[in-house]
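Student: for reference, the sequence and a predicted model appear below.
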Amino acid sequence: MRYSLVHINNQPFLREPRRELLRAAAADGAQVTHIACRDGEVTVTDLASGDGRVVSIPQLRALARGLCGERTLVLTGLGGARSELAWRATACFPRTTRVYDVYDELSYGARGYSYLKFMVRDGIWRALCPRAMVMVDGMMRIYPGAWKVENASHLEPTPRPGGTPPAVYIGSIDERVDFDLLAALGERTDIDIWGAVHERAPWAHAVLERLVASRPRVRFLGGYRNEALGEILSRYEVGLVPYHLNERMTRHVALDKLYHYLNAGVGVVTTPLPHAVRLKDYVGLLNGAGGYEAAAAEALARRAGWRADEHHWRARWAHIKTLIG
């Protein structure tokens, strides 16, 4: 059976949140095409060859038939992609192949007029696609009949360093991060922070600077390339998810870093986010800095129960194939 996966978004491939799913499908022999709709251009890239070309919407409409196989999934709309071009590109493909990729959050923290605009876009994606795909159970109440495809990681288990290296936080630095909690943890343990301040949260630069200046045990090591993630995590035993609770951005989030930490073999200490609670058998839940030592011990003991092969993007693609039929 020949499968085809077409992904439409407004990001270049190397910034594409679904790139590891696309790579897993291509490694399985599927015909995989990434379509980036940005800056007024539609760029069609074949993953097998890496060749990309800019096309018009009429040209894409003519190409669409050749991009579809016996079983085709057109995955589109991730994060409520803002480009009108993405809607027009999606409409080039048979309606029965289109799936609205909601990912893990409905609004990504939008409020007021921004939230209204998101809801308009959301309505357009629902009209374009007969089915949605979500990552967590809570989103299925918002999108009845959606496919649930859990998050995953491309990382494989690696040997642990042993001893007591610093704890690590790796990821975006934005309004989700509980800096007060990080400051309190920084009085108890060494912490390395890897990542970049998100463009939507420029205020976090100053907060991060104050944190590092006031807590000598906390180091900020800057950004990282996704390709280096496995090597970076091989240096650590405990990974932190110090996120605020009851925030719109964390209510339904299925954090990449939970899966990256666990797949690499790192123990996870996390605030009790809804998704983290669902993975409580594998992580240490943290209720305040005073509980860090106990949560870290639980995290190190429970990580052995995690089966990385079951949470790799290869496994998610295999599941998606059963949903396509």
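Tutor: Yep, that arrived.

Student: tell me which helix or strand comes right after the strand or helix carrying Glu293.
Tutor: For Glu293, the host element (DSSP states H and E) is helix 292-302. Once the chain leaves helix 292-302, the next helix or strand it forms, by DSSP H and E, is helix 313-324.

Student: tell me the helices and strands packed up against that next one.
Tutor: Using 3 or more C-beta pairs under 8 Å, 6 or more residues apart in numbering; DSSP states H and E, the elements in contact with helix 313-324 are helix 19-27, strand 71-76. Every residue, glycine included, has its C-beta placed from N, CA and C.

Student: which of these is buried the deepest?
Tutor: Among the helices and strands packed on helix 313-324, the stretch with the highest mean neighbour count (mean count of other C-beta atoms under 10 Å) is strand 71-76, at a mean of 24.

Student: could you pull up the mean pLDDT of it?
Tutor: Strand 71-76 shows a mean pLDDT of 96.

Student: next, the angle helix 313-324 makes with that strand.
Tutor: 110 degrees (axes from the mean of the first three to the mean of the last three C-alpha atoms, to 10 degrees).

Student: low pLDDT regions in the stretch 101-250 of the chain?
Tutor: Along the stretch 101-250 of the chain, the parts satisfying pLDDT under 70 run over 104-110, 246-249.

Student: and the helices in it?
Tutor: 112-128, 137-140, 179-185, 204-214, 229-233 (DSSP state H, counting those that start in this stretch).

Student: quick one: which of those helices is nearest Ser172?
Tutor: Proximity to Ser172, assessed across those by C-beta to C-beta, is greatest for helix 204-214 (9.3 Å).

Student: in the closest one, which residues are buried?
Tutor: Across helix 204-214, burial judged by 16 or more other C-beta atoms under 10 Å covers 204, 207-208, 211-212.

Student: run through the neighbouring helices and strands of that helix.
Tutor: Packing contacts for helix 204-214, counted by 3+ C-beta pairs under 8 Å, 6+ apart, involve helix 179-185, strand 218-220.

Student: figure out which of these is closest to Gly112.
Tutor: With distances scored as C-beta to C-beta, the stretch of those nearest to Gly112 is helix 179-185 (24.5 Å).

Student: who touches the closest one?
Tutor: Helix 179-185 has contacts (C-beta atoms under 8 Å, 6 or more residues apart in numbering) with 167, 169, 191, 193, 207-208, 211, 214-215, 218, 240, 242, 271, 288-289, 292.

Student: switch to 6 Å and redo it
Tutor: By C-beta atoms under 6 Å, 6 or more residues apart in numbering, the surrounding residues in contact with helix 179-185 are 207, 211, 215, 242, 289, 292.

Student: give me every residue that touches the last one.
Tutor: Contact criterion C-beta under 6 Å, 6+ apart gives 185, 188 as the residues in contact with Tyr292.

Student: gap between it and Ser214?
Tutor: The gap separating Tyr292 from Ser214 is 18 Å, by C-beta to C-beta, to the nearest Å.

Student: and if you look at the fifth one?
Tutor: If you measure Ala289 against Ser214 using C-beta to C-beta, the figure is 15 Å.

Student: for the stretch 151-300 of the chain, what spans make up the strands?
Tutor: 167-170, 191-194, 218-220, 238-241, 267-270, 284-285 (DSSP state E, counting those that start in this stretch).

Student: distance to Thr33 and mean neighbour count added to those, as TSV?
Tutor: Formatted as TSV, these follow (distance: least, C-beta to C-beta, whole Å; neighbours: other C-beta atoms under 10 Å):
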stretch	distance to Thr33	mean neighbour count
strand 167-170	30	24
strand 191-194	32	22
strand 218-220	38	18
strand 238-241	34	26
strand 267-270	35	28
strand 284-285	41	22
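
Student: could you export the ones you listed as TSV, including distance to Tyr103?
Tutor: TSV is the format used below for those (distance: least, C-beta to C-beta, whole Å):
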stretch	distance to Tyr103
strand 167-170	20
strand 191-194	23
strand 218-220	28
strand 238-241	18
strand 267-270	20
strand 284-285	24
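
Student: and Arg61, which of those strands is closest to it?
Tutor: Of all those, strand 167-170 sits nearest to Arg61, with 41.5 Å by C-beta to C-beta.

Student: and that closest one, how far out from the chain's middle?
Tutor: 17 Å (C-alpha atoms, centre = their mean, to the nearest Å).

Student: show residues contacting that strand.
Tutor: Contacts for strand 167-170 (C-beta under 6 Å, 6+ apart): 189, 191-194, 236, 238-240.

Student: show me which pair in those is furthest apart.
Tutor: Farthest pair in the contacts of strand 167-170 (C-beta to C-beta) is Thr189 and Trp194. Separation: 16.2 Å.
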